[in-house]
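S.K.: missing the sequence, but the structure's below:
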C-alpha cells in the first residue's frame, strides 16, 4: 500500500514539478551562474568565471543605501499591516456574532485582492496629490494653508500604497488562525477572572502566532522583491534593491543584475527562514 | 489550512464559528467593540475609497484632469483609451491578458488538483516539493523573470506571452493554487472515496465521479485564484512576455507616460472585468453550496 501510494504520489506531483523545475529551479540556477560571468557590454555573457560582480556589490556604498531603504519600507509596511490586519481579524472573529455577516465582511476585505495591484496603487494619486482630495479638504477646513507636500511621491505614499495592498495578506491567515481558537477557552479564562489583557497575552496572541508568521512571510517577501510601487509612489525619490537591479537589466548588465539578485534572494531566504523557525508553517498550511 | 483558501471556503468559517460560537456576555457590547468597529470601517473605506475615486474620475469629459473636482460627465476617456495611438495597443493587451489568464487558469486547476491528491499522503520527497513551492511563491518576481529570460536566451527560444510568460506565471499561480487545494481537500472525507473503491470503481472513476464533484466549489475557487493572479501579474511577466505587452505591462507603461484620465478609464475597465470574474466564481460556489444543502438537509 505504502509503495503504491509512493508511486502515485509522484505521478500526481510530476506535473507540478514539470513547471517548478524549468520555471523556478532552472531560472534560479541560471541567475546564479550568470552572476559569476563577465558581461560583454552588449547584453551577452562571457563564460569567464569571476567574482568581480560580487566584489562590486560589496564594495559599493550604494548597496548599503539600497538595502537600508528597502528594509526601512519592509519594516514600516510589516508593522502597519500587522497592526491593522490583527485588529481587523480580531474584530471579525471575536466581535461579529452573526457568522453569515462575518463571512460577508471577510469577503468584503478580500475582494480587492483579486483586482489589479497597479490600479489600486495609482488610485491614491487623486487623493494624496498636491491638488488632491485630502489637501483640498484640509485647506477648505482651514487646517493648513499650503498643500501638504509629503502626501504624494514621498516615503509616506510608498508606505500607504504597500499597506493598502498587503494588509490582506495579514488579515486572511490571522483570521484563519483566530477562527480556530476554541471560544470555550476564552470563556473559561473569563470565568477564572482573567483580564482582557491576559486573555490577549496568554490565549489569543500565542494561538494566532502561526497566522502572524504566515502573513509576515508574504508581506516581507513581497516588499523586498518589489520595485514598481516604490518607483511610482516615491516619484523617483526612493530607490530599492530590485529597482536598481532592474536598471542594470535595462542597460543589459546581466551579470551585475544577477549577482545582486543572488544577494537579494539570500537575504529574503534568510528572513523567511528566520520567520519559519518561530512556527511550524507547514502544519499551519496543510491542516 | 492556507490563509488565502479561507476566502474560497465560506462554509469552513461558518462551521468553525458554529462550533465555537461565543456566548454573548451579559448584555451590550464592551467598549472595545466600538473601537474595533471604527478601525474596521476605516479599513474598508481606505480599501475601497481610492478605487471608487478613480472610477468616478474616469467618467469626466475632455477637460478632465487627474484630480477632483470632477469636470463634466462623458465616456470621452474610454473612447480615447481604445482609439489613441499614444496609449498603446490597449485592445491587443486586453486580448492577450485574457487568453493568457485562461491558459494559466486551466493548467493551474489541473496541476493543483493532482498535486493536492498527492499531498493527502506523505510520499518520499514531499518536504522538498513543499519547500520548492514556498520558494517559488516568495522568490522576488523580477529575479525569476530575469532567470527565465536568460534561460530562454541560452536555449535559443524567443520569449512569447503564450510560452515563457505562461511558465513564469505558473511559478506564481501554482503554489497559490496548491495551497488553496490543501484547504479544499482537508475537508474531504476519504470514506466516500473508499466507498467508491469498495463498489468496484477504478482510480480514475473514483476521482472523476466522486472526488471532483464533491470538491467542485473548491476547484472553482482555485480557478478564481489562477485567473486573477495571472490577469494582474506584473513582475514575472516583465522579462518573459516578449515583444507584445500584457495588460498590466501596458498599465505600467501608461503610469509612466500618460497623464490623462485615460489611465483611470483603463483602471475602470480592467476592474469591471475582475469583478465580473469574481462574481461569476463566488456566485457559482454559492449556487453549488445552496443546491447541496437543499439535497441533503441532514448534516
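M.R.: Yep, it's here. Just so we're clear, the structure is a prediction, and the values are computed from it rather than from any experiment.

S.K.: Residue A:54 against residue A:35, yeah?
M.R.: Yes: the pair formed by residue A:54 and residue A:35 meets the contact definition of Cβ atoms under 8 Å, at 7.1 Å. In short, each C-beta sits where N, CA and C put it, glycine included.

S.K.: which residue is nearest the middle of the chain?
M.R.: Assuming you mean chain A. Residue closest to the average C-alpha location in chain A (Cα atoms, centre = their mean): residue A:219, at 2.1 Å.

S.K.: switch to chain B, that's the one I care about
M.R.: Mean-position check on chain B, Cα atoms, centre = their mean. Result residue B:225 at 2.8 Å.

S.K.: List the contacts of the residue nearest to the centre of chain A.
M.R.: Residue A:219 sits next to A:74, A:77-78, A:81-82, A:166, A:169-170 when contact means Cβ atoms under 8 Å, 6 or more residues apart in numbering or on different chains.

S.K.: Equivalent analysis for residue A:29, please.
M.R.: residue B:147.

S.K.: next one: residue B:161
M.R.: B:96, B:100, B:237, B:241-242, B:244, B:246.

S.K.: okay, and for chain A, where does confidence drop off?
M.R.: A:1-6, A:41-43, A:280-287 (pLDDT under 70).

S.K.: How about the contacts made by the closest residue to chain B within it?
M.R.: Nearest residue of chain A to chain B (Cβ to the nearest Cβ) works out as residue A:27 at 2.5 Å. Going by Cβ under 8 Å, 6+ apart, residue A:27 touches B:143-144, B:146-148, B:150-151.

S.K.: Go through the contacts of residue A:219 and single out the one with the most neighbours.
M.R.: With neighbours taken as other Cβ atoms under 10 Å in any protein chain shown, the top of these is residue A:170, carrying 28 neighbours.

S.K.: Please report how far residue B:157 lies from residue B:148.
M.R.: The spacing between residue B:157 and residue B:148, counted by Cβ to Cβ, to the nearest Å, is 11 Å.

S.K.: ok, now residue B:38?
M.R.: 46 Å.

S.K.: Who has more neighbours out of the two?
M.R.: Under the neighbour definition other Cβ under 10 Å, residue B:38 and residue B:148 were set side by side, and residue B:148 has more, 27 against 11.

S.K.: Just give the number of residues close to residue A:133.
M.R.: 17.

S.K.: mind checking how far residue B:153 is from chain A?
M.R.: 9 Å (Cβ to the nearest Cβ, to the nearest Å).

S.K.: Which ones among the contacts of residue B:161 lie within helices?
M.R.: Counting by DSSP state H, the contacts of residue B:161 place B:96, B:100, B:237 in helices.

S.K.: on that earlier part again, element containing the residue nearest to the centre of chain A, please.
M.R.: Residue A:219 belongs to helix A:205-224 when assigned by DSSP states H and E.

S.K.: Sort out which residues of that helix are buried, please.
M.R.: Across helix A:205-224, burial judged by 16 or more other Cβ atoms under 10 Å in any protein chain shown covers A:207-208, A:210-224.

S.K.: just so I have it, where are all the strands in the chain?
M.R.: Chain wasn't specified; assuming chain A. With DSSP state E as the criterion, chain A has strands at A:38-39, A:45-46.

S.K.: nope, chain B please
M.R.: So, for chain B - with DSSP E - there are no strands.

S.K.: Most proximal residue of it with respect to chain A?
M.R.: residue B:147 (2.5 Å).

S.K.: Common neighbours of residue B:157 and residue B:148, please.
M.R.: residue B:164.

S.K.: Who are the packing partners of the lengthiest helix in chain A?
M.R.: Looking across chain A with DSSP H, the single longest helix is helix A:61-90. Applying 3 or more Cβ pairs under 8 Å, 6 or more residues apart in numbering or on different chains; DSSP states H and E, we find helix A:61-90 packed against helix A:155-179, helix A:205-224, helix A:241-250, helix B:31-57.

S.K.: Next, the buried residues of the shortest one.
M.R.: Buried residues in helix A:241-250, defined by neighbour count with 16+ other Cβ under 10 Å: A:241-246, A:248-249.

S.K.: can you check stretch B:104-123 too?
M.R.: B:104-105, B:107-109, B:111-120, B:123.

S.K.: Please apply the same query to stretch A:76-91.
M.R.: So, applying 16+ other Cβ under 10 Å, buried residues of stretch A:76-91: A:76-78, A:80-82, A:84-91.

S.K.: do the same with stretch B:255-275
M.R.: Buried residues in stretch B:255-275 (16+ other Cβ under 10 Å): B:255, B:258, B:260-271, B:273-274.

S.K.: tell me the mean pLDDT for it?
M.R.: Mean pLDDT, stretch B:255-275: 84.

S.K.: Residues in contact with it: which ones?
M.R.: A:111, A:114-116, A:118-119, A:122-123, A:232, B:51, B:54-55, B:57-58, B:60, B:64-66, B:77-78, B:80-81, B:84, B:86-87, B:90, B:94, B:98, B:228, B:231-232, B:247, B:250-251, B:254.

S.K.: Kindly give a single ChimeraX line that selects the buried subset of those.
M.R.: In ChimeraX syntax, the buried subset of those is picked out as below (16+ other Cβ under 10 Å):
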select /A:111,114,115,116,118,119,122,123,232 /B:51,54,55,57,58,60,64,65,66,77,78,80,81,87,90,94,98,228,231,232,247,250,251,254
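
S.K.: Which ones among the contacts of stretch B:255-275 lie within helices?
M.R.: Going by DSSP H, the helices hold A:118-119, A:122, A:232, B:51, B:54-55, B:57, B:77-78, B:80-81, B:90, B:94, B:98, B:228, B:231, B:247, B:250-251, B:254 from those.

S.K.: one step back: may I ask you to confirm that the residue nearest to the centre of chain B is in contact with residue B:178?
M.R.: No: in this structure residue B:225 lies outside contact range of residue B:178 using Cβ under 8 Å: 10.3 Å.

S.K.: residue contacts, residue B:146?
M.R.: Contacts of residue B:146 by Cβ under 8 Å, 6+ apart are A:27, A:31, A:245, A:249, A:254, A:257-258, A:261, B:239.

S.K.: One more pass at 10 Å, please.
M.R.: Counting by Cβ atoms under 10 Å, 6 or more residues apart in numbering or on different chains, residue B:146 makes contact with A:27, A:30-31, A:34, A:245-246, A:248-249, A:254, A:257-258, A:261, B:140, B:235-236, B:238-240.
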